[in-house]
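Undergrad: just the structure for this:
(one chain, ligands or ions: 2)
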Amino acid sequence: MDARDLPAALTSAPPLIVVRDLSKRYEMGSATQRAAGQGQIVQALRSVSLQIARGDFVAVMGASGSGKSTFMNILGCLDRPSSGSYQLDGQAVELLSADALAALRNRAIGFVFQQFNLLPRASALENVELPLLYAGVKPTQRRERALAALQRVGLGERTGHRPSELSGGQQQRVAIARALVNAPQLVLADEPTGALDSHTSAEIMHLLSSLNAEGVTIVLVTHEPDVAAWARRRLLFKDGTLDETGVRSQFPSDAEITSKNWNLTPINKDGAP
Ligand SMILES: Nc1ncnc2c1ncn2[C@@H]1O[C@H](COP(=O)(O)OP(=O)(O)O)[C@@H](O)[C@H]1O
Ligand SMILES: [Mg+2]
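TA: Ligands and ions are numbered 1, 2, ... in the order given. A predicted model of the protein is given here:
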């Protein structure tokens, strides 16, 4: 079996994400205009339905303004849909209170952003400890787990550095360590390589691939076909709709990946970097 085929145990499990007829409308304009029904409606998502299997690695593509971030924000429980349903790990998200939603988000989801979103005055270690602080984990354990996460991303020697003392790629590694520190089932990455050069991008994708090989489900937004090539499945958004012709369930061949001239070997059978 190819190391990147979905493990049978995972495919037979119920999907991690089930989305049905998801729509999102934004109403623009002043409160008065909106009250008078004169606000302008932006339909950011139109009746999107899909399932994402546990352990999958999905690239979300589409032109600027096509609804990618709106979709990711809903998957991440950062925003609610205007209509439709979303089940994460068997839980109907729309039925949860704000507190329960925040708890689910903190426990089950790790976020990675284009601009890293690290606290500038905090060290790498403190940045990674943050989600554990929110989760009420005790200081000694926080430190231990944050350190392990930083070691996992290859930054065990940089724990005291502040973001400004790290390269872009290293900052994104800190952000990935922060996303991982709660051992989430799902990592959502919105253009994680958008601010990085192509070599550093490939390193970050290599890291995400190895996490995926360890069982973390990854959904990532990208504009770059080279980055999308690391994913197992590609989704294409067009004007708020999911273009099913953009779905490709075939993982690209090793030749296809190495032909990009990245001088990196694709993940090995154990998924180790
Ligand atoms: N908070 C918001 N208020 C109003 N309109 C928004 C908001 N967020 C996104 N939109 C609009 O929704 C559409 C989809 O945006 P977005 O999901 O950010 O697209 P993408 O991430 O693919 O560039 C765009 O037309 C955008 O202008
Ligand atoms: Mg976006």
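Undergrad: switch to C-alpha atoms for all contacts and neighbour counts from now on
TA: Noted.
Undergrad: what's the burial count for whichever residue of the stretch 151-273 of the chain sits closest to ligand 1?
TA: Residue of the stretch 151-273 of the chain nearest ligand 1, by Cα to the nearest ligand atom: G240 (6.9 Å). Residues near G240, counting by other Cα atoms under 10 Å, number 24.
Undergrad: how about the nearest residue to it, chain neighbours excluded?
TA: Take G240 and drop its neighbours on the chain: the residue closest to it by Cα to Cα, 6 or more residues apart in numbering is L45, 4.0 Å away.
Undergrad: so what are the sheet partners of the helix or strand where that neighbour lies and their directions?
TA: Mapping L45 onto the secondary structure by DSSP states H and E places it in strand 40-52. Taking DSSP bridges as the criterion, strand 40-52 forms sheet pairs with strand 17-28 (antiparallel).
Undergrad: return the set of buried residues in the partner strand.
TA: By 16 or more other Cα atoms under 10 Å, the buried positions in strand 17-28 come out as 17-19, 22-24, 27.
Undergrad: stretch 126-143 too?
TA: Going by 16+ other Cα under 10 Å, stretch 126-143 has these buried residues: 126-132, 142-143.
Undergrad: and that stretch, end to end?
TA: 8 Å (Cα to Cα, to the nearest Å).
Undergrad: circling back to that earlier point, any idea how far F57 is from the residue nearest to G240?
TA: Distance from L45 to F57, by Cα to Cα: 22 Å.
Undergrad: what of D243?
TA: Counting by Cα to Cα - D243 and F57 are separated by 18 Å.
Undergrad: look at those two and report which has more neighbours.
TA: Taking other Cα under 10 Å, D243 and F57 do not tie; F57 has more neighbours (28 against 14).
Undergrad: hmm, back to that, which among the buried residues of strand 17-28 gets closest to E157?
TA: Distances from E157 to those, taken as Cα to Cα, are shortest for I17 (36.2 Å).
Undergrad: which residues in the stretch 151-273 of the chain form helices?
TA: 168-180, 198-213, 225-228, 254-258 (DSSP state H, counting those that start in this stretch).
Undergrad: what's the closest of those to S69?
TA: Across these, closest to S69 is helix 225-228 (Cα to Cα), at 16.0 Å.
Undergrad: give me the distance between the nearest residue to T200 once chain neighbours are set aside and R143.
TA: Closest residue to T200 apart from its sequence neighbours, by Cα to Cα, 6+ apart: G169 at 5.8 Å. From G169 over to R143 the distance is 23 Å, taken as Cα to Cα.
Undergrad: could you do R152 as well?
TA: With Cα to Cα as the criterion, R152 and R143 are 14 Å apart.
Undergrad: check contacts around the closest residue to I41 other than its chain neighbours.
TA: Closest residue in space to I41, ignoring its immediate chain neighbours: E27 at 4.6 Å, by Cα to Cα, 6+ apart. Contact partners of E27, counting by Cα atoms under 8 Å, 6 or more residues apart in numbering, are 34, 39-42.
Undergrad: for ligand 1, tell me which of these show up nearby.
TA: When contact is defined as Cα under 6 Å from any ligand atom, these meet ligand 1 at V42.
Undergrad: pipe the contacts of E27 into JSON lines and attach neighbour count and pLDDT per row.
TA: Below are the contacts of E27 laid out as JSON lines (neighbours: other Cα atoms under 10 Å; pLDDT from 0 to 100):
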{"residue": "R34", "neighbour count": "14", "pLDDT": "82"}
{"residue": "G39", "neighbour count": "16", "pLDDT": "81"}
{"residue": "Q40", "neighbour count": "13", "pLDDT": "87"}
{"residue": "I41", "neighbour count": "13", "pLDDT": "90"}
{"residue": "V42", "neighbour count": "12", "pLDDT": "93"}
